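> Mind looking at a prediction? Sequence and model below.
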Amino acid sequence: MSQKSQFVKFNNGLLCPILGLGTWQSKPGEVYQAVCDAIDIGYRHIDCAHLYGNEKEVGKAIQDKILSGVVKREDLFITSKLWNTYHRPDLVEKAVNISLTDLGLEYLDLYLIHWPMAYKEGNDPFPTNADGKVIYSDVDYIDTWKAMEKLVDIGLTKSIGLSNFNSIQIERVLNVARIKPVTNQVECHPYLSQQKLFDFCKAREITLTAYSPLGSPKRPWAKPGEPNLLEEPKIQSLATKYKKSPVQILIRYAIDRGIIVIPKSVNKSRIANNFNVWDFKLSKEDIQIISSLDCNGRLIPQAEGREHKDHPFVNVEF
Ligand SMILES: NC(=O)C1=CN([C@@H]2O[C@H](COP(=O)(O)OP(=O)(O)OC[C@H]3O[C@@H](n4cnc5c(N)ncnc54)[C@H](OP(=O)(O)O)[C@@H]3O)[C@@H](O)[C@H]2O)C=CC1
Ligand SMILES: O=C1CO[C@H](CO)[C@@H](O)[C@@H]1O
């Protein structure tokens, strides 16, 4: 398979490696080695976020791999995300600078608005009142977007994008955008195939990035007995058919639809296996079989923000 098939082209011309490494819940103490291993194995795309609390250690791994000559900065594609407590326009540049300092970088390749909902400004990422409810802020993500555009103007990031935005919210951003979002990063896997959102974005030259592509089996709120994609019979039988693992089928399910995908692992052999997906391709019929598992099975509901006026998954088709 050609090298070209490993990239997706953004509407600004930038090439994004279609397969990257996720870092949510990659603990300090393990994420340094995971990022070093990933870069050695061939990953060039690392998905980060201020919220994950590990950008300093991710940055140390990136710096070490650049200093030892394994990669150049321009070979890497590094994403970070603006957390909900930094939506106020005057805080956006401050927020990206925190991530840049932690990561030890002069620029990001991609900076995303992590969620459309703004939370009360301050150092607590989930500021709560006496009832334990998150305190919201009324900043409109449209104003946040305008501040994001300025980051491109001053060279702090090459691209800007969205995460967890629904179709109506994307349209609102497009109505004012001087710089278009390049991607919308959303939960996407066979239980939540996101076909409508994918088609909607594609028609507007916005790519989709699939998070939790393996079904986020270690999400903190997972309950025993909930369906597990890795044990899904249809995925297992396709794994047998293609002589690959169920995880490799799930990763290829995104790639073969043209969707950027960012599975997380801190285990070297799993990081390597997840990258060993360039020697096969799913047929159209098999992609349809996998898509038939769609059951609107959302696993990352961001429940603490559900009453927010801008929560993306309430009363919206897609
Ligand atoms: N924008 C957003 O709001 C969100 C973005 N994300 C991003 O997407 C990334 C991926 O999503 P995430 O929710 O982490 O979940 P994933 O679907 O990527 O699943 C990760 C889990 O699967 C395990 N795993 C990885 N590879 C294998 C394998 N080959 N065999 C068996 N188990 C495996 C990992 O364990 P181990 O590490 O032990 O291998 C980990 O527990 C995040 O890390 C983050 O970067 C995620 C959620 C929300
Ligand atoms: O990236 C993410 C990982 O999980 C967090 C905790 O719910 C989410 O807020 C976030 O979207």
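Now that the structure is in, tell me what you want to look at. Ligands and ions are numbered 1, 2, ... in the order given.
> which bits of the chain sit near ligand 2?
24, 49, 302 (Cβ under 6 Å from any ligand atom). Using the backbone N, CA and C atoms, a C-beta is placed for each residue, glycine as well.
> Which single one of those is nearest to ligand 2?
residue 24 (4.4 Å; Cβ to the nearest ligand atom).
> so who does the closest one touch?
By Cβ atoms under 8 Å, 6 or more residues apart in numbering, the contact set of residue 24 is 49, 52, 264.
> any chance of the residues of the chain next to ligand 2 in a markdown table, with pLDDT, secondary structure and distance to residue 236 too?
Output for the residues of the chain next to ligand 2, formatted as a markdown table (pLDDT from 0 to 100; DSSP: H, G, I helix; E, B strand; the rest coil; distance: Cβ to Cβ, whole Å):
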| residue | pLDDT | secondary structure | distance to residue 236 |
| --- | --- | --- | --- |
| 24 | 98 | coil | 26 |
| 49 | 99 | coil | 32 |
| 302 | 93 | coil | 30 |
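> still on that earlier bit, among the contacts of residue 24, name the buried ones.
When the contacts of residue 24 are checked for burial by 16 or more other Cβ atoms under 10 Å, the buried set is 49, 52, 264.
> Let me see the backbone angles for the closest residue to the last one other than its chain neighbours.
What it means is residue 264. Spatial nearest neighbour of residue 264, excluding adjacent residues (Cβ to Cβ, 6 or more residues apart in numbering): residue 22 at 3.1 Å. For residue 22, the backbone dihedrals (degrees, to the nearest 10) come out as phi -80, psi 160.
> check contacts around the residue lying farthest from the centre of the chain.
The C-alpha centroid of the chain is most remote from residue 130, which lies 32.2 Å away (Cα atoms, centre = their mean). Listed by Cβ under 8 Å, 6+ apart, the contact set of residue 130 is empty.
> Quick check: buried residues in stretch 304-312?
Buried, per 16+ other Cβ under 10 Å, within stretch 304-312: 305, 308, 310-312.
> OK, contacts around residue 246?
229-232, 235-236, 238-239.
> what's the following helix or strand after the longest helix belonging to the chain?
Counting by DSSP state H, the longest helix found in the chain is helix 89-103. Downstream of helix 89-103, the first helix or strand assigned by DSSP states H and E is strand 108-113.
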